[in-house]
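A.B. asks: Sequence and predicted model, in that order:
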Amino acid sequence: MNEDTYHLNDPTWCRGCGLFGLFAALKKTSAALDLSPEKMVVVTGIGCHGRFNNYFKAYGFHGLHGRALPVATGIKLVNTELAVIVISGDGDAYSIGLSHFVHSVRRNINLTHIVVNNSVFGLTQGQTSPTSQHGFVSISTPAGSKEWPLDGPLLALTSGARFVARGFSGDPKQLTSLLKLAIPHNGYSLVEVLSPCVTHNKLNTYKWYKSHIRDVGRDPDYDPGDRPGAIASFNDREKIPVGLIFKEMGPSFGDLSLPSKMPIALADLHVEEALLNKLLEKFE
Amino acid sequence: MMSSVIKDISIMIAGYAGDGVLFTGNVLGKILKRHGWEVATYRDFPSNIRGEATNYTIRASHEKIYGRGDIIDVLMAFDCDAILRHVHSLEPNGIVLCEGRETERLRPSQTRGKTFHKFPMRELALKNFKSELYKNSILLGGLCYILNLDFQVIAKIISEVFLERKGEDVVEKNVSAVNLGCEQAKIIVEEHDRHTLIERPDKGRLFISGNEAIALGALAAGCRFFAAYPICPASEIWQWLVNYFPEFNGLVVQAEDEISALNMVLGASFAGARAMTSTSGPGASLMMESFGLAGMAEIPVVIAHVQRAGPSTGLPTKPEQSDLNLWVFGSHGDFPRIVLSPGTIEELFEFTITAFNLADKYQCPVIVLTEQDYGQNYFTVDNVDLSDVHIDRAMLLSQEELLKIQDFKRCEFTRNGISPRAIPSMTNGVHLVESVEHDERGYRDENPDIRVRMMEKRMKKLKGALQDLIPPKFWGKNEARVGVIGFGSTISPIREALSQLDEKGIDAKYLQIRTLWPFHAKIVERFMASCEHIFVVENNFSGQLSGLIQGQGVECSRVIKVNKYSGHTFMPVDISAAILKALKR
C-alpha cells in the first residue's frame, strides 16, 4: 500500500484548512500500517471533517451530527477484523455528542477517535464551540462567549481513557507518528488534532497554536504511563500539551464481552433446531 | 364462575409492592398452565419498587385467551386495603382468601354472597418458618385445596423456580408452606366450597411473556447484536437476550441512551449483522433522528417498541396504544418504514422473525409495535415451530457475487428501488453510507435531478410491498352488519365482546389490523363498506388508528371511536357496552 491507495479525490476544504494536514497524515499512517481500504471503516460526524469520506478511500459511514462513536461501536463489535477510525469535530464530539464521547472512553471500544478541534462551528458559518476561548467573539456570541472551554483530552483522561494524544495539523509529521501509535492500540484511542479554521476562527491560527503548544515528548522527565502526571500537565494555562499524553494497556470491551473470535457479522445465522428447542424447555 | 364445573376463572393476588405478588402470580400461572389450561396474566403495578399497591390477575380458561376478563372470581388479599380496593370487581359469589381481621372494615353490602376464607398466614409463616415471606406459599396452598389442584405439580414448580437460585432448603420450606396452607384450608373450608378445575393435556405448550417471545423470535431470526437503554416496559427483551445470546455468538450492549442504542445497531447492521434495539415511549422519541438515518441510508434494522401510556414519562408500567403515529409519521423528511402490529403472543414471535426478513428485503427500518400488557404478562402459547424459521438476507451479496460485479454501486437505481448490498471487509465493495443526499455510489450529491431520482428510488421500494406484508385478519361472520376494527392487544377484549354481543343476538365481525404501515387501505375500505355500524377500538385518547384510516382517503364519517386511556386495557364489557349503547341510539 502507498498513500495513493487512499486518495479518492482531491479535497475541497478552504485553502489552508487544518484538515489537509490530517488527510495527509492519515494516508501516510494507513500506508505505513498496511491497512487495506477494504478492511478499514472511516466513520464521520457532521461538520467540515465529515467530508473526509468523499476524499479518503475506505468503507465509510457519514452519519448524524454527534453520533459517529455509537455507529463505530456497532461496526467494531460485530467485526473486530476491521480497523475502525472515527473522525469528529469539536462540535460533534464535545457538544452534541459529548455523552457518547465520555461513554465510549469508559467502554474502551477498540477504535481510534480523531477529534478535529478548530474551536469553532465551521460548516454552519462560524458559531462559538465548546472549545472556543472565554470571550470568543463570533456570530453566535457577538458580545464574547460567556462560557469556559472544555478540554477533550483532559476529560478523556479523567474518564479513564487508556490512550490520549494531541497533535497539531501544522505538524503532520508528529500527527502521523501519533496516529501510528493510536491505530494499533488495543482499546479506545483519542487523538485530538488542533486544526486551524482559516475562514471562521481568526484567533486560533497556525501562528497562535505554534506559540501556545508544548510537546510533552520533549520533556525527558515526562512519563506517558503516569495518569496523575498526565493530568497535571494540563495545569499550565499558557501552553496546551501535545504529543503522546498517556498510554496504558488493558483489555478492550470486545476482549471482555465478545463470545468468540468469530466476527458476529460474518457468522452463519442458521442454528441447529435442537439448540433452539433446548431454549423452549425454559418456558414449559 | 362458582358452579361446580369451571371453564374460566380469574384469580387476583393483591397486596403492596414488596409482598411477592408478582412471584406468587407467576407460580400460580405456571401451575394452571401445567393443569392444561389456557392462561393469561394481567399485571397492574406502579412504577415504584416498594410501598404502593399492586395486583396481579391470573386468568385461566378452556378457551384461548390473551387478556383479562370482566370480573375477578377469587381474590387472594395480603391486606385489608387490597380487599377494599378490589371487592367491587369481585364476582357476586366470589371467594376471598385473606388474613381474617380485615372483614370488620367491610360493609355488609360488600361481603354479601361472597365467601371469606380466613388464613392467619403471617402468624403461621412466622411460627413455622420464622419469616413472613412464606405467607405467599401458605395462601397458595389454601387456594390449591379450594381448587383441587395437584400438589405434586405445585411442588415441582416450586422446585423449578427456587432450586437454582435459592437452594434446597428454600424449596423444602416453600413446599411445606404450601402443604401447611392446604392443611389449614381443610379445617376452614367446607367441602361444598371446593371447586374442581378439570385437568387437560399440557403438551408442547409454552408459558411465555410477550417480551420473551420477541427475544426468542429475534434469536431464531439470526439477530446477533442488540443494544438498548433500560426502559419500562421493554427491558425484559434485553434481559432474556443477554442470558442466551453468548452461546449463539451474539452480543448485547447497554448503551448510554436510546440515541446511542439505535446508532450502535445501525453500525452493526451496516457491518453485516442482524441487529435490533427495543424501547418504549420516551426512548422512541429519542430514536426519531436515527430512525430517519436508517431510512435515508437504507440500513436494515428492527426496533421492538413495547408501548406504555404517554405522553412524556406518562405511566411507565401501564399499557396504551398511543405511539402508532410516532412510527408511522415520525422523524423529519420522507422515508420508507414498515410498522407491524402483532395481535397474539404467537404473532409476536412470528412477526419479529418476519421483521428481520422485511428489513433485509426492503433495506429500511421495521418496527414491531406491541403493548405493555403483552410485553410484561405471561400467556400460554402452542409450541412455536422453530424448524420453520426462514432467514432471507435478500440483496446482501456474497463475496463471490460481489466479485462478478464490474462497478458496484450501493445505491444503484433499480426497477424496484432495491439495490445490492455489500459489507465492510468485502473485496470490491468499498462504499460510503451517507446521511446526506447522495448518488448511486453513496457519495454526497445535491444535484436536483439526483435528489429527485434518489428520493423516488427509496420511496418506491415499498410500492409493491403491500402484498408481501401481513394482511388484516378477519374474525366473525361475513354477513354481520356491525364491524369492529382494532390493532395489537385489543384482540382479546374485542373477540370476547363479540361473543357477548352474540349472546344478545347481535352479529358482529372484527378486522384485526396487523400491518400499520404501509396500510392495507383497500381491505379496510371493503370491510367498512360491508358494515352498517363501524367501531374503531383503541387504547388511546385521540383514535390514532381511525386517523390513519381516514388519512388513506377511506370514508370515515360513520366511524364510532371506542377509546380507553386510563392506563388499563379494555375489559370485554367496556367494548360490548359501548357498542350496545351506540346501537340503541
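C.D. replies: Good, I have the coordinates.
A.B. asks: B:Y244 against B:L219, yeah?
C.D. replies: Yes. Judged on Cβ atoms under 8 Å, B:Y244 makes contact with B:L219 at a distance of 6.4 Å. C-betas here are computed from N, CA, C, even on glycine.
A.B. asks: what residues does the stretch 1-150 of chain A put near chain B?
C.D. replies: A:37-41, A:43, A:46, A:51, A:53-54, A:57-64, A:67, A:69-79, A:81-82, A:99-100, A:103 (Cβ under 8 Å from any Cβ of the partner chain).
A.B. asks: Can you say which of those are buried?
C.D. replies: A:37-41, A:43, A:46, A:51, A:53-54, A:57-64, A:67, A:69-79, A:82, A:100, A:103 (16 or more other Cβ atoms under 10 Å in any protein chain shown).
A.B. asks: so of those residues, which ones are in helices?
C.D. replies: A:53-54, A:69-78, A:100, A:103 (DSSP state H).
A.B. asks: Need the three-state assignment for B:V554.
C.D. replies: coil (DSSP: H, G, I helix; E, B strand; the rest coil).
A.B. asks: contacting residues around it?
C.D. replies: B:521, B:524-525, B:528 (Cβ atoms under 8 Å, 6 or more residues apart in numbering or on different chains).
A.B. asks: 6 Å - rerun?
C.D. replies: B:V554 sits next to B:521, B:525 when contact means Cβ atoms under 6 Å, 6 or more residues apart in numbering or on different chains.
A.B. asks: A:V120 - how many residues pack around it?
C.D. replies: 28 (other Cβ atoms under 10 Å in any protein chain shown).
A.B. asks: Wait, it touches A:C197, no?
C.D. replies: Yes. Between A:V120 and A:C197 a contact is recorded at 5.1 Å, counting by Cβ atoms under 6 Å.
A.B. asks: Counting neighbours, show which residues of stretch A:224-236 come out buried.
C.D. replies: A:224, A:227, A:230-231, A:233-234.
A.B. asks: what's the distance between that stretch and the middle of its chain?
C.D. replies: 20 Å (Cα atoms, centre = their mean, to the nearest Å).
A.B. asks: pLDDT averaged over that stretch - what is it?
C.D. replies: What stretch A:224-236 shows for mean pLDDT is 97.
A.B. asks: hey, C-alpha coordinates of that stretch in CSV?
C.D. replies: Output of stretch A:224-236 as CSV, limited to C-alpha atoms (Å, rounded to 0.1, in the frame of the first residue of the first chain):
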residue,chain,number,x,y,z
PRO,A,224,3.1,8.9,29.5
GLY,A,225,2.4,6.0,31.7
ASP,A,226,1.6,8.2,34.7
ARG,A,227,-2.0,9.2,34.8
PRO,A,228,-1.8,11.8,37.6
GLY,A,229,1.3,13.3,36.0
ALA,A,230,-0.5,13.4,32.6
ILE,A,231,-3.5,15.2,34.2
ALA,A,232,-1.1,17.6,35.9
SER,A,233,0.4,18.5,32.6
PHE,A,234,-2.9,20.4,31.8
ASN,A,235,-2.3,22.8,34.7
ASP,A,236,-0.2,25.0,32.5
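A.B. asks: Please see if stretch B:332-348 touches chain A.
C.D. replies: No. Residues of stretch B:332-348 contacting chain A under Cβ under 6 Å from any Cβ of the partner chain: none, with a closest distance of 10.7 Å.
A.B. asks: got it, and stretch B:216-223?
C.D. replies: Yes. Stretch B:216-223 lies within reach of chain A by Cβ under 6 Å from any Cβ, at B:G222.
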